[in-house]
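Visitor: only geometry, no sequence info:
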């Protein structure tokens, strides 16, 4: 419990605002098929909308990571959550396709600002031994938001198909206010005794393309490629999941909400209880590899199940694998980062965005051809990620105590 409430409860506050934000995101998942039908959006257009979000996130993520290193994590998080609220409100209000794309661009900037700063903040206030637990707690809050969000969204939609977007915007504003008022800046951002060479590293901000091109020389390059591949595969599945069950099984928004909620519970329980122990006991590499192969297997199994409860069971297992994979990747990258937590977290987000760009575009186009193709693609790509993860380097152990 000391980790949760250290530094005026910083980790607990980050968990709270992440929970609020991702509850807001989860609100809209069950109603997307109906909303697409209302606006006459095809699967390929949905893929482009998702990709637009990720392209913007990719462009801004390295800059946002450096920005959090220079002006502080808190300011960047607050700005990102404000943009999230604006983007969700805009997506619910407008009806024209160009404005929908602008809304997704604003959402991408908000994600670029928030996620690297949150991960860097967590790394600032944890030791190596606590890092896995800290990342697990943050991701547990995200997962719990996804558990609660779709369930609420399925019922909020009873008040109107656009109501979940308004609720998501309100949730983002609440999270912004909570952070602005209660979250302290991290000790790492307050120190005046940072060595000159470290300060120079923090202030140097190469361009996006240069940053991405130079990563091949970094010890964590293979890990970044695994992040890209896993994001590609998962985005291919996640982009069309609601459409898949809507078209193939005629699921209602409440059915979709139930499946997502039930499937996310196991991940939240694991992240809150034994994730830190699993990382310390088996290491990030093993957990990443096992999660990737499990995700690949259960995605493919989704093609062969037909009853409601079999879909729930397969989704349950898949979400569990994903909810272990993502914090394990974040923990591994944070241990490589040393004094450049924001920068490396930004690269993490950038490579994730690359996968989230390509995956939805291809998956959306494939869905319009055959609804099973995106699942096949996801299984293949995640299997490739598993093979590559076996070659990744072990993250170094460093002392990073932030009292």
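Guide: Good, I have the coordinates. Please read these numbers as outputs of a predicted model, since none were measured by experiment. Numbers count the residues shown, from 1 in each chain.
Visitor: pLDDT of stretch 247-267, averaged?
Guide: Model confidence over stretch 247-267, given as mean pLDDT, is 76.
Visitor: I'd like the distance from that stretch to the chain centre, please.
Guide: Centroid separation between stretch 247-267 and its chain, computed with Cα atoms, centre = their mean, to the nearest Å, is 19 Å.
Visitor: Please apply the same query to stretch 60-72.
Guide: Offset of stretch 60-72 from its chain centre (Cα atoms, centre = their mean): 18 Å.
Visitor: Against residue 124, how distant is residue 3?
Guide: 13 Å (Cβ to Cβ, to the nearest Å). In this view, the C-beta of every residue, glycine as well, is placed from N, C-alpha and C.
Visitor: Which one of those two is surrounded by more residues?
Guide: Higher neighbour count among residue 3 and residue 124: residue 124, with 22 against 18, using other Cβ atoms under 10 Å.
Visitor: Wait, the more buried one touches residue 73, no?
Guide: Yes. Look at residue 124 against residue 73 with Cβ atoms under 8 Å: they come within range, at 7.2 Å.
Visitor: where does the stretch 201-350 of the chain have low pLDDT?
Guide: The model of the stretch 201-350 of the chain has pLDDT under 70 over residues 201-217, 263-264, 338-342.
Visitor: run the last query once more with 50
Guide: Applying pLDDT under 50 to the stretch 201-350 of the chain flags the ranges 201-205.
Visitor: State the distance from residue 11 to residue 376.
Guide: 40 Å.
Visitor: Who has more neighbours out of those two?
Guide: residue 11 (22 against 15).
Visitor: Setting aside sequence neighbours, what's the nearest residue to the more buried one?
Guide: Distances taken as Cβ to Cβ, 6 or more residues apart in numbering put residue 4 closest to residue 11, at 5.3 Å, once the chain neighbours are dropped.
Visitor: Let me see the contact set for that neighbour.
Guide: Residues near residue 4 by Cβ atoms under 8 Å, 6 or more residues apart in numbering: 11-12, 15, 137.
Visitor: Helices - which of these land there?
Guide: Under the assignment DSSP state H, the contacts of residue 4 contribute 11-12, 15, 137 to helices.
Visitor: now the residues you listed in a markdown table, with pLDDT?
Guide: As requested, the ones in helices among the contacts of residue 4 are arranged in a markdown table below (pLDDT from 0 to 100):
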| residue | pLDDT |
| --- | --- |
| 11 | 86 |
| 12 | 84 |
| 15 | 85 |
| 137 | 82 |
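Visitor: Next, give me the two most distant ones among these.
Guide: 12 and 137 (8.6 Å; Cβ to Cβ).
Visitor: Looking at these two, which is more packed in?
Guide: Taking neighbours as other Cβ under 10 Å, residue 12 and residue 137 compare with residue 137 leading, 24 against 18.
Visitor: okay but that one is in contact with residue 273, surely?
Guide: No. The pair residue 137 / residue 273 is not scored as a contact, 10.5 Å apart, by Cβ under 8 Å.
Visitor: Look at residue 30 and tell me its secondary structure.
Guide: Here residue 30 is coil, with the state taken from DSSP: H, G, I helix; E, B strand; the rest coil.
Visitor: do you know how far it is from residue 21?
Guide: Using Cβ to Cβ, residue 30 is found at 18 Å from residue 21.
Visitor: What helices and strands are in contact with whatever helix or strand residue 277 lives in?
Guide: Per DSSP states H and E, residue 277 falls inside helix 275-282. With contacts defined as 3 or more Cβ pairs under 8 Å, 6 or more residues apart in numbering; DSSP states H and E, helix 275-282 has these neighbours: helix 128-156, helix 308-337.
Visitor: Name the helix or strand for the nearest residue to residue 144 once chain neighbours are set aside, please.
Guide: Once flanking residues are discounted, residue 144 sits nearest to residue 268: 4.7 Å by Cβ to Cβ, 6+ apart. In the assignment (DSSP H and E), residue 268 maps to helix 253-273.
Visitor: same question, residue 126
Guide: Residue-wise, residue 126 maps onto no helix or strand under DSSP H and E.
Visitor: And for it, the neighbour number?
Guide: 23.
Visitor: Give me the distance between it and residue 186.
Guide: In terms of Cβ to Cβ, residue 126 sits 11 Å off from residue 186.
Visitor: State the distance from residue 168 to residue 239.
Guide: Taking Cβ to Cβ, one finds residue 168 at 18 Å from residue 239.
Visitor: nope, residue 165 is what I was after
Guide: Where residue 239 is concerned, residue 165 sits at a distance of 18 Å (Cβ to Cβ).
Visitor: Now do the contacts for residue 182.
Guide: Counting by Cβ under 8 Å, 6+ apart, residue 182 touches 8-9, 13.
Visitor: Pick out whichever of those residues sits closest to residue 45.
Guide: residue 13 (37.7 Å).
Visitor: Alright, that wraps it up for me.
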